[in-house]
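In: next input, structure requested:
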Amino acid sequence: MNFPTSLKDLVATGESLVYVEDLSGRKGFLQSIHPLVKMIVTVFMISASLFVTWLPNLLALCVIPLVLAVLSKVPLKEFVVRNTLFMPLFAAVISLPALFLTIGSPILSTNIGGFTLSITEEGLQRFLVFTVRVWFCVTSLTLLTLTTGFDKILKLLSSIKVPSIIIQLFSLTYRYLFVSLNEVQKVLTAKEARTYANKRTVSLESLKNSGAVLATLFIRTYERSERVYMAMKSRGFEIDDTRKSSIPALHSRDLVFAVPTMVAFGLFAVLAVL
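Out: Numbers count the residues shown, from 1 in each chain. Okay, here's the model as predicted:
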């Protein structure tokens, strides 16, 4: 994965990160596991991480999705970038106050405008644990999506009696996300065609000029959404779909994978609490 050198390349990189159908068709370990089993195991993994408060144990848990990704033939570099680029960084930003507001032993102090800010050891621990836990949860869910495919996930939700309106919402959001990204690329292409730049870089000036691009994009997206909705209604689209998908049969390999994994994560969570 190449580092983006312009806003257009940044959008193209984002589009490649959210596309999951290619990896789900590969012959890997998790691709051969039943989707319902993978979903249950993922829930156990995320639930177990909520009970772990010691950073080394949490880091040990983070190795498991990486190993599963390698066994499932998911490109490790792209997988790590996909899960570190957005949500964990956002979690790190929103948990920054914990560094200064947690009472404990100060490890670093500074004076700003007459106020003394101290980073405590306990605050650093809470900051790191929260950020790593978010990374683990995002990684586990991403691995589930990559190795299953969005269509199979929607069919699984339908088979376990999830309301149709929620399934339709997920489906439309995912499908038209690519339409929106394509619209962004068109706007940025038109902007770059009318703007000479000696170097294609994501600079402060380009970010300031993106305000007009965002305004134009909002109008174009709103107009397209109206056209798409009218086209769907004219073809008889209804939000309520009473059709339900059946759950495929389980195999022995699904149980061999699920039972020991859930027992291991359950014991890990119990030992973390004790």
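
In: contacts for stretch 135-148?
Out: 20, 23-24, 28, 30-31, 33, 35, 38-39, 42, 45-46, 49, 58, 61-62, 65-66, 68-69, 72, 74, 79, 82-84, 87-88, 91, 153, 156 (C-beta atoms under 8 Å, 6 or more residues apart in numbering). Quick note: C-beta positions are derived from backbone N, CA and C, even for glycine.

In: kindly recompute the last result at 7 Å.
Out: The contact list for stretch 135-148 (C-beta atoms under 7 Å, 6 or more residues apart in numbering) reads 20, 23-24, 28, 30-31, 35, 38-39, 42, 45-46, 49, 58, 61-62, 65, 68-69, 72, 74, 82-84, 87-88, 153.

In: same question, stretch 70-82
Out: Taking C-beta under 7 Å, 6+ apart as the rule, stretch 70-82 contacts 1, 17, 23, 26, 28-31, 66, 69, 142, 146-147.

In: save the residues you listed as JSON lines, and put in neighbour count too.
Out: Conversion of these to JSON lines gives the following (neighbours: other C-beta atoms under 10 Å):
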{"residue": "Met1", "neighbour count": "12"}
{"residue": "Leu17", "neighbour count": "16"}
{"residue": "Leu23", "neighbour count": "23"}
{"residue": "Arg26", "neighbour count": "13"}
{"residue": "Gly28", "neighbour count": "19"}
{"residue": "Phe29", "neighbour count": "16"}
{"residue": "Leu30", "neighbour count": "24"}
{"residue": "Gln31", "neighbour count": "19"}
{"residue": "Leu66", "neighbour count": "16"}
{"residue": "Ala69", "neighbour count": "25"}
{"residue": "Thr142", "neighbour count": "19"}
{"residue": "Leu146", "neighbour count": "26"}
{"residue": "Thr147", "neighbour count": "27"}
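
In: among the residues you listed, which are located in strands?
Out: Using DSSP state E, no member of the contacts of stretch 70-82 sits in strands.

In: can you tell me which of those is nearest Ser109?
Out: Leu66 (36.5 Å; C-beta to C-beta).

In: quick one: stretch 89-96 to chain centroid distance?
Out: Between the centre of stretch 89-96 and the centre of its chain there are 15 Å (C-alpha atoms, centre = their mean, to the nearest Å).

In: contact partners of it?
Out: Under C-beta under 7 Å, 6+ apart, the answer for stretch 89-96 is Phe127, Phe130, Thr131, Val134.

In: so what's the first one up against?
Out: With contact taken as C-beta under 7 Å, 6+ apart, Phe127 is in contact with Ser95, Ala98, Leu99.
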